[in-house]
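Peer 1: Sequence first, predicted model second:
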Amino acid sequence: MASSSASFAKPAFFSSTSSSSSSQTNSKFSALSFLYSTTASSIPITSIKLSRHSRRFTIHVNNVLKTFDPSQSSVLTPNVDPESSALGLKPTILVSEKLGDSGLQVLREFGHVECAYNLSPEELCSKIASFDALIVRSGTKVTRQVFEAAKGKLKVVGRAGVGIDNVDLQAATEFGCLVVNAPTANTIAAAEHGIALLTAMARNVAQADASMKAGKWERSKYVGVSVVGKTIAIMGFGKVGSEVARRAKGLGMNVIAHDPYAPADRARAIGVDLVSFEQAISTADFISLHMPLTPTTNKIFNDHTFSNMKKGVRIINVARGGVIDEDALVRALDSGIVAQAALDVFTEEPPSPDSKLVQHANVTVTPHLGASTKEAQEGVAIEIAEAVLGALNGELSATAVNAPMVAPEVMSELAPFVELAEKLGRLAVQLVSGGSGIQSVKVVYRTARGPDDLDTRLLRAMITKGIIEPISDSIINLVNADFTAKQKGLRISEERVVVSSSPELPVHSIQVLISNVGSKFASAVSENGDISIEGKVKYGVPHLIKVGSFDVDVSLEGNLILCRQVDQPGMIGQVGHILGDQNVNVSFMSVGRTSRGRKAIMAIGVDEEPNTETLNEIGSVPAIEEFVFLNL
């Protein structure tokens with residue numbers, strides 16, 4: 001229940017958040033602000049150069065480098081702040097496996113890069129606490145121990161490739177570390193290799209080549225099979241699987257696919273029929289595997305699976321070795337259920353030299369070459385470098401794998417509302433009094449959009465960030481927002497209210513309500529007993545438009561003073577005079593009232609934080625019944 005107004009004794013109706021807490025989460029700063037601190041440190045500015053790379057601008061001042069995106073608000077906690085840039089401090093990036101030169105060049109333009117290959121798990125754990133980002137391929141295991149050893153320093157793990165089964169995503173999320181991958185650059189290379197293995201296997205190319213080099217001429221032994229008119233089952237219809245399907249269609253094959261998450265319209269557009277797992281494996285002449293390795297898919301191709309396949313089936317795997325029970329595959333090959341297999345990946349890499357599977361006469365093998373083209377290697381290097389640098393700059397990568405998968409077009413559309421969401425959360429939590437703790441938060445989105453046309457995950461995460469960070473030592477970002485809220489027992493519910501506004505705008509306004517708590521500012525309490533505030537974006541800037549039942553209109557920039565007062569002439573002048581005498585600049589002021597001559601709320605935006613004496617003087621004005629200072 002909200003506290004009654006009788007419990008508020010002037011002049012104690014204010015509270016402030018520490019400046020350190022504010023600086024941790026202040027995601028917007030002047031692009032040139034670090035110039036001033038540079039000169040203040042007596043470092044002469046002898047050259048300034050402005051260059052543009054992709055969507056980021058880079059400013060070089062002597063040897064000081066700062067990269068920023070003027071169109072973005074931070075949706076992740078940035079690791080590089082203006083003060084660090086002023087001191088010439090760049091983020092540190094560890095590359096633990098070979099990366100293309102183009103990617104390394106992109107990284108070195110932004111941060112300090114150390115390439116340390118073939119690290120043991122112990123060596124990686126001993127080094128990782130010095131780095132902001134880690135880039136790996138498939139060989140480095142990024143375990144819970146690595147995240148623990150990082151002691152909160154590590155903010156981004158970049159996987160140069162698609163699969164992320166070598167990264168402990170649960171631990172990464174708990175420690176607030178973003179994991180990004182490079183899923184598109186090697187798509188074509190992997191698909192091409194899958195088709196190369198398919199045709200090489202069908203025509204016994206590898207075996208015939210080895211025979212001829214041994215001095216033999218065995219034409220009758222290596223009679224192959226045609227692929228035209230044969231049915232191929234694509235198991236996993238993602239980026240690589242769909243590209244293999246396109247190429248198989250070009251070879252004249254009948255293509256079916258199984259993927260429980262694949263959209264049927266995308267499959268139909270390629271001319272592919274989506275079928276059940278059982279139908280796929282029982283009717284296919286060729287089976288091409290493109291599924292991730294998860295607890296569900298681990299050894300999904302086993303004795304039982306092989307027994308349900310068409311006799312003489314041929315299997316290609318350029319995905320993950322662990323999806324096949326390799327001992328079971330050897331038995332299926334020996335029995336003739338599987339006529340041939342072409343494998344690029346294995347459960348253990350490299351496999352044992354005496355592996356029965358590798359040495360089998362009907363198996364064609366390559367050493368994980370799916371992404372090994374010059375073009376793909378450079379493309380992956382650039383893609384992962386830009387994803388990592390974007391994350392270090394506070395941007396949300398569209399390739400993030402342990403954050404809500406928000407489409408790029410959705411992120412772009414919601415960008416103006418990201419700062420509003422965080423500011424509302426930060427404002428609401430500062431209105432709470434008492435020690436019972438916040439347990440229930442409701443977010444109401446007023447929108448003209450339909451229920452399926454508004455993705456609110458990004459906004460919910462930023463409201464959570466605004467609520468949790470000011471009252472805890474947690475650093476919240478889009479990666480760990482939901483997890484941290486759950487850990488702290490915070491229930492966040494969402495509601496959408498359809499209003500008559502422009503459907504071009506995703507959100508008309510956002511309301512935050514906190515239930516079952518007391519309030520430092522009784523006027524912020526709604527008729528239902530909840531602390532209630534509402535805001536909207538106006539002219540690209542977040543505004544507070546309602547406090548409790550009072551309408552206001554004030555920009556959410558800098559700091560905010562809320563006063564409940566008797567509605568009478570001269571109040572704006574009195575408070576403005578007090579602030580002016582103390583050299584506190586007023587940026588915005590708005591008054592909302594219930595009716596003329598009764599109660600009113602004055603919302604005042606101030607650039608500086610008034611001292612205690614100034615706030616006490618405001619509270620001593622007879623017509624002011626309560627007030628609160630809020631640090632945004």
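Peer 2: On my side now, so go ahead.

Peer 1: residues of the top helix by length along the chain that come out buried?
Peer 2: When the chain is parsed with DSSP state H, its longest helix is helix 408-430. Residues of helix 408-430 classed as buried under the neighbour-count rule (16 or more other CB atoms under 10 Å) are 410-411, 413-430. Placement of C-beta: from N, CA and C, glycine included.

Peer 1: Same question for stretch 122-139.
Peer 2: L124, C125, K127, I128, F131, D132, A133, L134, I135, V136, R137, S138.

Peer 1: And it, how far out from the chain middle?
Peer 2: Stretch 122-139 sits 20 Å away from the centroid of its parent chain (CA atoms, centre = their mean, to the nearest Å).

Peer 1: Then stretch 189-203?
Peer 2: For stretch 189-203, the distance to the chain centre is 34 Å (CA atoms, centre = their mean).

Peer 1: pLDDT weak spots in this structure?
Peer 2: 1-88, 261, 396-397, 404-407, 434-436, 472-475, 593-597 (pLDDT under 70).

Peer 1: Report the beta-bridge partners for A133.
Peer 2: I93, V156 (DSSP bridges).

Peer 1: And for L197, nearest residue in space, chain neighbours not counted?
Peer 2: Once flanking residues are discounted, L197 sits nearest to A342: 3.7 Å by CB to CB, 6 or more residues apart in numbering.

Peer 1: Downstream of the helix or strand where the one you found lies, the next helix or strand is which one?
Peer 2: Under the criterion of DSSP states H and E, A342 resides in strand 338-343. Counting by DSSP H and E, the next helix or strand C-terminal to strand 338-343 is helix 356-359.

Peer 1: Counting by contacts, list what that next one packs against.
Peer 2: helix 326-335 (3 or more CB pairs under 8 Å, 6 or more residues apart in numbering; DSSP states H and E).

Peer 1: Give me the buried stretch members for the helix it packs on, please.
Peer 2: Buried, per 16+ other CB under 10 Å, within helix 326-335: E326, A328, L329, V330, A332, L333.

Peer 1: What is the nearest of the residues you listed to L459?
Peer 2: Minimum distance to L459 across the buried residues of helix 326-335 is 46.4 Å, recorded for E326 (CB to CB).

Peer 1: Distance of the residue nearest to L197 relative to I188?
Peer 2: 19 Å (CB to CB, to the nearest Å).

Peer 1: quick one, which of the two is more surrounded?
Peer 2: Ranked by neighbour count (other CB atoms under 10 Å), A342 and I188 place A342 first, with 26 against 18.

Peer 1: State the distance from the more buried one to I510.
Peer 2: 54 Å.

Peer 1: Tell me if I'm right that the residue nearest to L197 and I195 touch.
Peer 2: No: applying CB atoms under 8 Å, one finds A342 not in contact with I195, separated by 10.5 Å.

Peer 1: which neighbours do the two share?
Peer 2: Counting by CB atoms under 8 Å, 6 or more residues apart in numbering, A342 and I195 have no shared contacts at all.

Peer 1: what's the burial count for P569?
Peer 2: Neighbourhood size, P569 [other CB under 10 Å]: 6.

Peer 1: Need the phi and psi values for it.
Peer 2: Main-chain dihedrals, P569, degrees, to the nearest 10: phi -60, psi 150.

Peer 1: Could I get the contacting residues of it?
Peer 2: Counting by CB under 8 Å, 6+ apart, P569 has no contacts.

Peer 1: cool, and F131?
Peer 2: By CB under 8 Å, 6+ apart, the neighbours of F131 are T92, I93, L94, E114, A150, K153, L154.

Peer 1: quick one on the thing from earlier: contacts only, for the residue nearest to L197.
Peer 2: Residues in contact with A342, defined by CB under 8 Å, 6+ apart, are L197, L198, A200, M201, R314, I315, I316, N317, V363, T364, V365.

Peer 1: on that earlier part again, could the buried residues of helix 326-335 be laid out in JSON lines, adding distance to N477?
Peer 2: Formatted as JSON lines, the buried residues of helix 326-335 follow (distance: CB to CB, whole Å):
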{"residue": "E326", "distance to N477": "40"}
{"residue": "A328", "distance to N477": "43"}
{"residue": "L329", "distance to N477": "43"}
{"residue": "V330", "distance to N477": "47"}
{"residue": "A332", "distance to N477": "47"}
{"residue": "L333", "distance to N477": "48"}
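
Peer 1: tell me which of those residues is nearest to L560?
Peer 2: E326 (63.7 Å).

Peer 1: What residue, apart from its backbone neighbours, is nearest the closest one spatially?
Peer 2: L357 (5.0 Å).

Peer 1: S502 now?
Peer 2: Counting by CB to CB, 6+ apart, S502 lies nearest to A448, which is 6.5 Å off, once chain neighbours are set aside.

Peer 1: The one you found and N308, how far apart?
Peer 2: 51 Å.

Peer 1: and if you look at L251?
Peer 2: 26 Å.

Peer 1: Which one of these two is surrounded by more residues?
Peer 2: Each of L251 and N308 has its neighbours counted (other CB under 10 Å); L251 has more, 17 against 11.

Peer 1: Contacts only, for that one.
Peer 2: I195, T199, V227, V228.

Peer 1: Check I232 too.
Peer 2: L198, A248, M253, N254, V255, I256, A284, D285, F286, I287, S288.

Peer 1: and the host helix or strand of it, C-alpha only, in CSV?
Peer 2: Using DSSP H and E, I232 falls within strand 231-235. What follows is strand 231-235, C-alpha atoms only, in CSV (Å, rounded to 0.1, in the frame of the first residue of the first chain):
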residue,chain,number,x,y,z
THR,A,231,15.0,-37.5,-52.9
ILE,A,232,17.2,-35.6,-50.5
ALA,A,233,16.0,-34.8,-46.9
ILE,A,234,17.5,-31.6,-45.4
MET,A,235,17.5,-32.1,-41.7
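
Peer 1: I'd like to know how many residues surround the residue nearest to E326.
Peer 2: L357 has 20 nearby residues by other CB under 10 Å.
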